[in-house]
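Trainee: can't give you the sequence, but here's the structure:
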């Protein structure tokens, strides 16, 4: 999963003020989590935003889990 996170979740000071984002796009992880938390299904998110992929959403969930677990996050800013 680490390699998937490295590929799917990126951090750049040039994109969204350095927040973790999906594949360098202006889709912060927190926005994807917020959409899911608002009750949208993965299918609804993908239908509304075809630039996203199912694996992007799974990577956001994995990133969020790691962020709150107390485990060190991998270095995504490379």
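Mentor: Yep, that arrived. A quick note: this is a predicted structure, and the numbers were derived from the prediction, not measured.

Trainee: residues contacting the nearest residue to residue 20 once chain neighbours are set aside?
Mentor: Spatial nearest neighbour of residue 20, excluding adjacent residues (C-beta to C-beta, 6 or more residues apart in numbering): residue 29 at 4.5 Å. For glycine as for every other residue, the C-beta is placed from the backbone atoms N, C-alpha and C. Contacts here follow C-beta atoms under 8 Å, 6 or more residues apart in numbering; on that basis residue 29 touches 9, 19, 20, 21, 22, 60, 63, 64.

Trainee: try 6 Å
Mentor: 20, 60, 63 (C-beta atoms under 6 Å, 6 or more residues apart in numbering).

Trainee: can you pull out the low-pLDDT segments for this protein?
Mentor: For the chain, residues meeting the criterion pLDDT under 70 lie at 1-3, 73-78.

Trainee: check it for its longest helix and report it.
Mentor: Ordering each helix of the chain by length in residues (DSSP state H) puts helix 54-69 first.

Trainee: show me what that one is packed up against.
Mentor: helix 2-8, helix 29-37 (3 or more C-beta pairs under 6 Å, 6 or more residues apart in numbering; DSSP states H and E).

Trainee: residue 49: which of the ones you listed is closest?
Mentor: helix 29-37 (8.7 Å; C-beta to C-beta).

Trainee: just checking, next helix/strand downstream of that closest one?
Mentor: helix 42-48 (DSSP states H and E).

Trainee: all good on my end, thank you.
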